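Trainee: Here's a sequence, model it:
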Amino acid sequence: MPEKDFQTKGYRMVEVKNPDGTVTMKNMWDVEAKYYSLMTLMEVNGTNKQLDCIPLQPDDVVLDCGCGPGRVAIQAAKRVKKVICLDASEGMLEECKKNCEAAGIENVEYVLADWQLTEIGKTIPEVDVVIQSRGGGGPSTFEMLEKAARRIAVNIIWAKGAPNLPMSRGKLFKDVYSEEDMEKYPELKPFEKRKLPPPPKEEHVPGPGGLFGKLDQELAERGIEKHVTTIDEGWDKWYATKEEAYDDLVCLSRHPECVEPIQFRKNVDQFLTEKDGGWYFFLPTQTDVTWFETRPEK
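Mentor: Numbers count the residues shown, from 1 in each chain. Model prediction:
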């Protein structure tokens with residue numbers, strides 16, 4: 001793993017209260033790494049549906065930009081020659097490495113760096129495909145993607161109105177924490193009510209069309225075609241018993257000891273159905289997969 005000797009752009013810091021009452025400032029993505037990793041393991045089917053939309057080739061070298069805990073990297077590595085896993089969070093990259101090793105994936109390498117400050121040819125080599133999943137790495141200009149990707153660039157993001165990961169996890173833990181516990185551990189408060197710190201002034205301001213609005217405008221001006229597919233998918237996992245499901249899913253909470261069990265089980269039951277002699281958990285969401293050629297023939 002490379003040394004932590006890089007700069008980052010828009011690195012969000014959050015307060016984390018310790019049991020003794022003290023407060024520690026930590027990188028938000030390092031704090032979330034463990035929990036994102038647990039949910040990543042329930043997204044194999046959905047991730048493969050997403051990758052089915054992309055014209056990957058067996059000899060491709062792919063950059064997974066903002067790789068997180070390896071959700072895309074693990075499945076993509078089974079289809080291509082090599083995947084470079086890049087992330088600005090040391091915690092996320094550690095989870096990615098652990099998950100790749102557990103899956104027996106060896107055709108990967110890990111780069112601790114901020115995509116927005118990456119130098120193509122120095123920080124990372126030129127690749128065939130760049131994949132940015134769920135905003136990983138932040139918005140890119142076409143010039144940066146053109147320099148990095150010989151063939152195509154891919155954007156995988158939540159479809160409009162679809163619940164993202166924090167919102168979906170929130171469905172499982174709705175009304176399960178006491179006011180006292182949420183005061184003690186502010187990170188337990190519902191995602192939609194949590195106030196995040198404002199972004200740094202130099203951070204990119206989204207244009208029309210959302211986070212990648214500026215990129216959309218650049219593609220339109222250059223006359224480059226976008227290929228967009230909307231995927232119905234979600235988090236899914238099979239359990240032998242309901243108790244097994246409850247015991248496993250409660251680990252998605254940062255403080256399982258604070259979870260009120262009766263309400264939590266009611267929440268989980270909404271997403272369980274009997275299947276194959278056990279219980280199938282499925283929490284639905286929807287994703288847009290967009291890809292385009294970075295160096296189209298003139």
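Trainee: In the stretch 1-150 of the chain, mark out all the strands, start to finish.
Mentor: 13-17, 23-27, 61-65, 82-87, 108-112, 127-133, 149-158 (DSSP state E, counting those that start in this stretch).
Trainee: which residues in the stretch 1-150 of the chain form helices?
Mentor: Here the stretch 1-150 of the chain has its helices, by DSSP state H, counting those that start in this stretch, at 28-40, 44-51, 71-77, 90-102, 142-148.
Trainee: Check those helices for me: which has the lowest mean pLDDT.
Mentor: Lowest mean pLDDT within the helices of the stretch 1-150 of the chain: helix 28-40, at a mean of 85.
Trainee: mind listing what the nearest residue to Asn155 once chain neighbours are set aside touches?
Mentor: Excluding the flanking residues, the one nearest Asn155 by C-beta to C-beta, 6 or more residues apart in numbering is Thr290, at 4.5 Å. No exception for glycine: its C-beta is placed from N, CA and C like everyone else's. Thr290 makes contact with 154-157, 226-228, according to C-beta atoms under 8 Å, 6 or more residues apart in numbering.
Trainee: Which of these has the largest number of neighbours?
Mentor: Val154 (28 neighbours; other C-beta atoms under 10 Å).
Trainee: now that one: how far from Gly278?
Mentor: 35 Å (C-beta to C-beta, to the nearest Å).
Trainee: angle of the longest strand seen in the chain against helix 44-51?
Mentor: If you go by DSSP state E, the chain has its longest strand at strand 278-293. Counting by axes from the mean of the first three to the mean of the last three C-alpha atoms, to 10 degrees, strand 278-293 lies at 20 degrees to helix 44-51.
Trainee: Tell me the buried residues in strand 278-293?
Mentor: Within strand 278-293, the residues that qualify as buried are 279, 281-283, 285-293, counting by 16 or more other C-beta atoms under 10 Å.
Trainee: can you check stretch 70-78 too?
Mentor: 70-77.
Trainee: biggest separation within these, which pair?
Mentor: Largest separation among those by C-beta to C-beta: Arg71 and Ala77, giving 11.7 Å.
Trainee: Identify the contacts common to these two.
Mentor: By C-beta under 8 Å, 6+ apart, no residue touches both Arg71 and Ala77.
Trainee: Any stretches of this structure with poor pLDDT?
Mentor: 1-19, 23, 192-213, 298 (pLDDT under 70).
Trainee: and with 80 instead?
Mentor: Scanning the chain for pLDDT under 80 picks out 1-29, 135-140, 191-214, 297-298.
Trainee: re earlier: can you list the contacts of Thr290 in JSON lines and add distance to Asn27?
Mentor: Shown next, in JSON lines, are these (distance: C-beta to C-beta, whole Å):
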{"residue": "Val154", "distance to Asn27": "26"}
{"residue": "Asn155", "distance to Asn27": "24"}
{"residue": "Ile156", "distance to Asn27": "23"}
{"residue": "Ile157", "distance to Asn27": "22"}
{"residue": "Lys226", "distance to Asn27": "32"}
{"residue": "His227", "distance to Asn27": "34"}
{"residue": "Val228", "distance to Asn27": "32"}
